[in-house]
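**Student:** sequence isn't available, so here's the structure alone:
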């Protein structure tokens, strides 16, 4: 039971009768001409159906593949063939036939729409030829340059390999040297350490003696100060006048508490006071400077973090691993320097706190000659060792870099190798864009402001058959509510190596156009015109 | 577009101020995926709402003074007295043509005039005679026209009941919640908090006129389902509000709005529909001030079992819904639309506020939008992308970045240096463009628009009389006073081709931010004590958007000498906005729930006259999964306004960026849309002609079938297409309710026939868009889908004749030139088809 059918309103139908061209129905390419034979039933090209020939191009779709309507818009999935004499022939979707828009340069798609189309095929053909010619010239020159680049890269690679070998040999020597010097250093450090310890111990003992003396002197001072009635004794009452000595600091310094401090006695003489003194000396405030708060309650010293705060301001993002590694290295170096400091300056301790204590006893006396000689010898050994180690590290770095460079994918013939460690800039109205191939892309406001990373080298990202046509830089600075910035670099053939344009098609996804001879393909022999494609 | 967070986090800032911004960003991201509710008032925080809501049901202090009654041929007037303070009100009651009753209550002698909303009604509604049936000391009974309808005015306490036969249709002040804060001198009475000044967050509202709120309750016996009062991101069937805030109507730019709650959004239409199996009625509360609507129900919360128990036990309590409207200022002016059918309620409402503007045909096609297409080259390449991938589209859109520094009516001199060239390029392909024009105007003495508005004194004034300044996209901005007819006329004149440089006839307009959005204002909008001439912003707030829309649409009409139909999209709206163009649901998000809510949000708008509704396809904020994007295209293709849009910070999402398979799925969805354009166009003609919505809840066509009353995951287009889009992630199938016991429904893709009155499980794949054509209908389509709707103008129609069980079908076809007002001169073809006895005939 058919309850659902299609009806076409006759009054609204286009009068699209078939108008067969000289050789073939409208919209049929020459190559398919043989399937459209007049006066014979037409079989849909997919073989699904056969219809009378007058149903071809009758503006009603009969074939599921659209092949019965090559010259009308009737089938949703059909194609119309434009001959485009003078230019390239083309297929356009059937839906563009008679839609009032000129698609075929030979105007054949608009035969019944009233659109005013001009035949532009010759003009376009000429333009395209010129364009192709130009491109071919560029490609030709570019390809020559590319060959040079390949040569250079080859040489460069050989050089690098040779260098690498040298470095590796060098490295072995340096390693041996480091080991030798390490032994020398360790041998020299042993006596140095012992001598330093001796010196320090002597100084500590001396300091203790000085401190004891000072303490006694102070005790006597205090005794005199406390002994208000100058009877040679310190009494409970006299002690009570110093409320800071209140053992429980509850605000009332009672007689009993004072007596407790005086070991149960009402008053003590100078001898007994010596034992009392130890209990009160921490708290005691001299009457002459009672306003000054006792030591130890000064506000905590500012820790010297300012430097690192500055660091974090310079690098707000934590995703710049390389730089951070560098920082670590610097720190190591600083540590080394500190060691040196031991030798250069008198061995004052480094923290402020200790310095305060030291002030009482004065600076440590310089090392005696013998010790100093040992230190000098050890330091010399250390320096030599450090230097040797540094040299080794440098060589190792160089080896690593070389190995990295040698193993890098610079294209099938290493033609992109010349871009390594180069940078190219493009200035727009607002920003300076900087592309350092195989390294990073960045953007800096033209009129001041900090640089923003638009990504670091990720990978070659062209289509499978031409993977070296697109570079991808990833993990740049993060975006609000979005991914981190990234840049796609499209390479096109050019004589020069230039960034030709940048854009941000999507928030934080940048696109850069980059020309280089390295991407130029060997130009196909280019004769005038392109007879393979041109139809007359 | 969006609010502060994205303003602050725009690229420029990030690039230049990265380090400084980090802390701030963390804050921003921390609370990012929901609206910051703290930025918007609750009823408790809105002094008048709190005061009025505190009035409890019970004995009303209002009494009708029957001796003051005057009855003329067209109206009844009567004084009411508040026995507590002896303040008198004047009640006016009108019987309007088409079964509408209008009730107006104002102060008898207000200290100064109270605001009455102008320009929303299309005319002074024509009245019908009222007649007195009986009167005694307890009240008055009047006849409402020829039917057995009566209105009973009870005197003590004052109460109105509208009765038909033995049924009470609606009662006013039956719970005694009428509240009318009379204007007063400040020293006159005891002052409550928030009466003369109110502070919210850092903003103080000076309230020089003191308290002025109005409120009234309505009882709807027999009603369990109420709808409408958009805009809210909530279900189609409105919920009771006893346990939370009332639904709020106050046009606001809500950043990243949350779903399923009664918070105010960008637009407000104070119209509620009430429905049961016997009758549909409507309440139109004509007030433009901040408004809150409370809904309670005696059956809410009862389970089906509980209701059944009532039935078995013969519980006599009939279901009833009670509604209370509260507005901050103005008067009570309410239209009771008495149906009785849904169609009659639509036509009653249309007789008051007009019908949907008949849009140009092209605007029913697909719209490609993004914040932003960066420059002319970008526009060119996106346009070319549609051709390359053979996807039709009609409009490409430019958001705020196309302007010269957010100065509307201008173009960025670098990125859009030759707009006419660009527009010509589109015109060559019979395509069009929309450019945004927002109402906030950059304060810049080198900007012509600003200078003219400023020198003509057209800006809204602050409470001290100076030009009101707010912060919006351009930075410091002024807000033209669109409530002034001379301002609107001037604004309209700016769209003339010799004024709007770079514009051509295929450039149309989009009004965003017209709530108005004021980034640094209270609740991201204008201060209520700002002044529009004699009136406070408080009085006119919800009208600002419709006035902007009105003036812009007028401008597009005038630039063509009144020949061409305008197309203007607006975000803010009010009752009557349907007359000026399309609306969309604002800044949604790329989430499945946002896809789902697009259906009830547009249905709610459709019910109150605004048919041309859509949601941003793909979701504005965030980035959709490919599956969500495809499903959204499939849904949007069957919603009236079909536009993809995306936030500036999201990755590109033109339809061909997700692999060939998904490109094909999206292409197919868009192509389905284009094949149905003749049907869409006919539905819009009908909407323009009769006020019937284009997109309809099922209950509108099946009003006696309670199974349809709360459905909002499927909908009808006209009477004849039923759409149940797939809105669930990873869906393997959907269950669609096919209404009508005697109906049959045909799958439009397979032509498979299904019986009505059943829940049908439909297995789905990624290509499925479950759509059914009603047996008995004839739908015109155009199957030659081309680059744009204009390219299809001369193409043949294909009629899809779906037979019902009686093997008959009916349908119609409307054709005109698609873009001018000539249809008003009857320059169109409107044919009816019928099919019976295997013969198709046309009249």
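**Tutor:** Looks like it arrived, so ask away. On a predicted model such as this, the values are computed, not experimentally measured, just so you know.

**Student:** give the closest residue to residue B:60 in space, chain neighbours not counted.
**Tutor:** Distance criterion C-beta to C-beta, 6 or more residues apart in numbering or on different chains; nearest residue to residue B:60, sequence neighbours excluded, is residue B:176 at 3.3 Å. Bear in mind the C-beta positions are built from the backbone N, C-alpha and C, glycine included.

**Student:** surely that neighbour is in contact with residue B:82?
**Tutor:** No - counting by C-beta atoms under 8 Å, residue B:176 stays clear of residue B:82, with 11.8 Å between them.

**Student:** shared neighbours of these two, which are they?
**Tutor:** residue B:62 (C-beta atoms under 8 Å, 6 or more residues apart in numbering or on different chains).

**Student:** show me the contacts for the one residue in the stretch 101-250 of chain A that gets nearest to chain B.
**Tutor:** Across the stretch 101-250 of chain A, the shortest distance to chain B (C-beta to the nearest C-beta) belongs to residue A:101, at 5.8 Å. Residues near residue A:101 by C-beta under 8 Å, 6+ apart: A:110, A:115, B:428, B:429, B:430, B:787, B:791.

**Student:** rerun that using 7 Å as the cut-off
**Tutor:** Contact analysis of residue A:101 by C-beta atoms under 7 Å, 6 or more residues apart in numbering or on different chains lists A:115, B:428, B:429, B:430, B:787, B:791.

**Student:** for the record, mean pLDDT for the helix or strand hosting residue A:165?
**Tutor:** Per DSSP states H and E: residue A:165 is located in helix A:121-226. What helix A:121-226 shows for mean pLDDT is 90.

**Student:** can you identify the element that follows that helix toward the C-terminus?
**Tutor:** strand A:234-235.

**Student:** ok, that next one: who's next to it in the sheet?
**Tutor:** Note on strand A:234-235: by DSSP bridges, its sheet partners are strand A:267-268 (antiparallel).

**Student:** quick one: distance of the strand it pairs with to the chain centre.
**Tutor:** When C-alpha coordinates are averaged (C-alpha atoms, centre = their mean, to the nearest Å), strand A:267-268 and its chain have centres 76 Å apart.

**Student:** got it, and stretch A:455-463?
**Tutor:** Relative to the chain's own centre, stretch A:455-463 is displaced by 14 Å; criterion: C-alpha atoms, centre = their mean.

**Student:** close to chain B, is it?
**Tutor:** No - using C-beta under 7 Å from any C-beta of the partner chain, stretch A:455-463 stays clear of chain B, coming no nearer than 14.1 Å.

**Student:** if you count neighbours, what's buried in stretch B:516-532?
**Tutor:** B:516-519, B:521-532 (16 or more other C-beta atoms under 10 Å in any protein chain shown).

**Student:** count the neighbours of the closest residue to residue B:775 other than its chain neighbours for me.
**Tutor:** Leaving aside its chain neighbours, residue B:775 sits nearest to residue B:744 (3.6 Å; criterion: C-beta to C-beta, 6+ apart). Residue B:744 is flanked by 20 other residues according to other C-beta atoms under 10 Å in any protein chain shown.

**Student:** show me the beta-bridge partners of residue B:744.
**Tutor:** residue B:755.

**Student:** verify the stated contact: it with residue B:756.
**Tutor:** Yes - counting by C-beta atoms under 7 Å, residue B:744 does reach residue B:756; the two are 6.4 Å apart.
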